[in-house]
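*Asks:* Just need the structure, nothing else, for what follows:
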Amino acid sequence: MPVLALLFSWHACASDCVILLHGLARSETSMTTLAEALVEAEFSPVNYHYPSTTRPIAELAEQAISASLSQCPDTAGQIHFVTHSMGGIIVRQYLKDKAINKLGRVVMLGPPNKGSQVVDNLGNMPGFKFINGPAGMELGTGKLSVPNNLGPANFELGIIAGTRSINLILSSFLPNPNDGKVSVENTKLEGMADHISLPVTHPFMMKNAIVIKQVIYFLRHGSFNHRSLEH
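*Replies:* Okay, the predicted model is just below:
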């Protein structure tokens with residue numbers, strides 16, 4: 001086989017699949033900028049849309065993870081996940097009881113890993129469940145919190161938290177610092193490999209150039225580039 005053909009064959013087999021999972025009441029379009037950056041970085045992204053407001057978290061996890069895994073190329077090397085907000089809880093729910101062949105690394109952006117006090121304060125208000133669905137009701141910090149009942153990370157995990165908010169009303173329910181939906185403290189999870197906080201907001205962090213660079217760095221190295229944050 002010619003040398004060029006050998007190189008091309010090796011690259012095709014080595015290209016990792018990255019499954020992108022958006023947050024609650026969002027769609028795959030919110031992750032498009034990140035998906036495009038992953039293509040440029042020579043990953044094979046699967047930007048998957050799941051009906052986040054229609055079912056409980058456990059049902060969403062079974063449907064979303066199974067379907068998105070089926071879209072990864074057969075030639076993919078490892079399978080990584082990059083999630084926003086509740087997308088991270090979907091991954092945790094699935095991996096609590098199941099294994100994924102060739103699982104690589106997971107990067108979570110603004111995940112409510114210990115729940116969010118926003119749900120505690122607004123969950124009983126008229127219209128909250130209608131807008132956010134049954135999964136949204138499971139994201140509080142109390143006894144019914146799904147995130148708080150999933151246990152520590154049993155996979156290689158990096159977490160990026162935001163420290164800026166565009167919603168001061170929601171931020172008033174949260175300890176500081178926070179991103180307007182989740183406090184920095186509540187993004188953390190026992191067993192995580194690395195954690196950083198960046199001056200970004202919850203709704204738009206996945207589009208931020210610095211966040212995207214840190215995502216790609218973690219997928220490649222298993223840690224964030226802390227040195228770049230010192231400048």
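
*Asks:* Can you tell me the centre-most residue of this protein?
*Replies:* Residue closest to the mean C-alpha point of the chain, counted by Cα atoms, centre = their mean, is residue 83 at 1.7 Å.

*Asks:* Which pLDDT value belongs to the closest residue to residue 177 other than its chain neighbours?
*Replies:* In space, and not counting its chain neighbours, residue 177 is closest to residue 163: 4.2 Å by Cβ to Cβ, 6 or more residues apart in numbering. (C-beta placed from N, C-alpha, C; glycine too.) Residue 163 carries a pLDDT value of 98.

*Asks:* Quick one: residues contacting residue 163.
*Replies:* Contact partners of residue 163, counting by Cβ atoms under 8 Å, 6 or more residues apart in numbering, are 177, 178, 179, 184, 197, 198, 199, 200.

*Asks:* go again using 6 Å as the cut-off
*Replies:* Each residue near residue 163 by Cβ atoms under 6 Å, 6 or more residues apart in numbering is listed here: 177, 197, 199.

*Asks:* Kindly indicate which of the residues you listed lies nearest residue 70.
*Replies:* Checking these against residue 70 by Cβ to Cβ gives residue 197 as the nearest, at 34.8 Å.

*Asks:* what about the closest one, which helix or strand?
*Replies:* Counting by DSSP states H and E, the element that carries residue 197 is strand 194-198.

*Asks:* quick one on the thing from earlier: can you confirm the residue nearest to the centre of the chain is in a helix?
*Replies:* No - assignment of residue 83 by DSSP: H, G, I helix; E, B strand; the rest coil gives strand, placing it outside any helix.

*Asks:* Does it touch residue 19 like I think?
*Replies:* No - Residue 83 lies out of contact with residue 19 (Cβ atoms under 6 Å); the separation is 8.5 Å.

*Asks:* What residues are bridge-paired with the residue nearest to the centre of the chain?
*Replies:* residue 21, residue 108 (DSSP bridges).

*Asks:* Give me the pLDDT value at it.
*Replies:* Predicted confidence (pLDDT) for residue 83: 98.

*Asks:* ditto for residue 13
*Replies:* Note on residue 13: pLDDT of 42.

*Asks:* Helices along the chain, start to end?
*Replies:* Secondary structure of the chain, counting by DSSP state H: helices at 3-14, 32-40, 57-69, 86-97, 117-122, 128-137, 168-171, 184-187, 209-221.

*Asks:* With that, I have no additional questions.
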